[in-house]
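Enquirer: Sequence unavailable; structure follows:
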């Protein structure tokens, strides 16, 4: 069974209230997804410039929009396959850009292990998301994991806010890659029929 550290979604009643309120403003889910990505691009620029505190504030604020777009989509009946893919691609791209900015920040200062950790964290982030995508192609639902996107956002955001970016990146590098290995093991067992829960979650098609 997978391990989760933070809730994936807000409580349903709160989701519905936010979704209806924002939906009445005429804001679409894709607009929210795009706004979140653009905000994270701004956070990446701030990181590269060494402005870590404002970068942390911007990063956490705009990453939080990821909890809103889905709620608006459901409340307004605008949930579509394209919207889900659009949101997922922007999430991955914006997270990768922020981690690349961290690598730039450390490289500019000659901090070698921190730079290497940033690239390792980027590899782990991409691998975790890719394994989920491949699992779903095979009909296996895989939302569990030790260190999913919400945990990565929280650790990196806090690291930026308190000035412990090196420690935060090291935690990301280790735990995101461990999560990738965890998901690879879970997917292997599900596909080989060794995990009854994983096998049962496969689609009948």
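Expert: Here it is on my side, so go on. Keep in mind the model is a prediction, meaning the values are calculated, not measured.
Enquirer: buried stuff in stretch 27-35?
Expert: Judged by neighbour count using 16 or more other CB atoms under 10 Å, the buried positions of stretch 27-35 are 27, 28, 29, 30, 32, 33, 34, 35. Where you see a C-beta, it was placed from the backbone N, CA and C, and this is true even at glycine.
Enquirer: now do stretch 177-191
Expert: 177, 179, 180, 182, 183, 186, 187, 189, 190, 191.
Enquirer: Also stretch 76-88?
Expert: For stretch 76-88, burial by neighbour count (16+ other CB under 10 Å) applies to 76, 83, 86, 87.
Enquirer: just stretch 106-118 next, same as before
Expert: The neighbour-count check on stretch 106-118 (16+ other CB under 10 Å) flags 106, 114, 115, 116, 117, 118 as buried.
Enquirer: Quick check: the third one touching residue 107?
Expert: Yes: contact status for residue 115 versus residue 107: in contact at 4.7 Å, counting by CB atoms under 8 Å.
Enquirer: ok so, going back, okay, the buried residues of stretch 177-191 in a markdown table with pLDDT and distance to residue 66 next?
Expert: Compiled in a markdown table, the buried residues of stretch 177-191 are given as follows (pLDDT from 0 to 100; distance: CB to CB, whole Å):
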| residue | pLDDT | distance to residue 66 |
| --- | --- | --- |
| 177 | 96 | 22 |
| 179 | 94 | 18 |
| 180 | 93 | 20 |
| 182 | 93 | 22 |
| 183 | 92 | 20 |
| 186 | 90 | 23 |
| 187 | 90 | 24 |
| 189 | 89 | 29 |
| 190 | 88 | 26 |
| 191 | 88 | 29 |
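Enquirer: so can I have JSON lines of the residues you listed showing distance to residue 58 and secondary structure?
Expert: Formatted as JSON lines, the entries for these read as follows, by distance: CB to CB, whole Å; DSSP: H, G, I helix; E, B strand; the rest coil:
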{"residue": "177", "distance to residue 58": "26", "secondary structure": "helix"}
{"residue": "179", "distance to residue 58": "25", "secondary structure": "helix"}
{"residue": "180", "distance to residue 58": "27", "secondary structure": "helix"}
{"residue": "182", "distance to residue 58": "30", "secondary structure": "helix"}
{"residue": "183", "distance to residue 58": "29", "secondary structure": "helix"}
{"residue": "186", "distance to residue 58": "34", "secondary structure": "helix"}
{"residue": "187", "distance to residue 58": "34", "secondary structure": "helix"}
{"residue": "189", "distance to residue 58": "40", "secondary structure": "helix"}
{"residue": "190", "distance to residue 58": "38", "secondary structure": "helix"}
{"residue": "191", "distance to residue 58": "40", "secondary structure": "helix"}
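Enquirer: Residue 68: which of the buried residues of stretch 106-118 is nearest?
Expert: Residue 68 lies nearest to residue 118 out of these, by CB to CB, at 28.1 Å.
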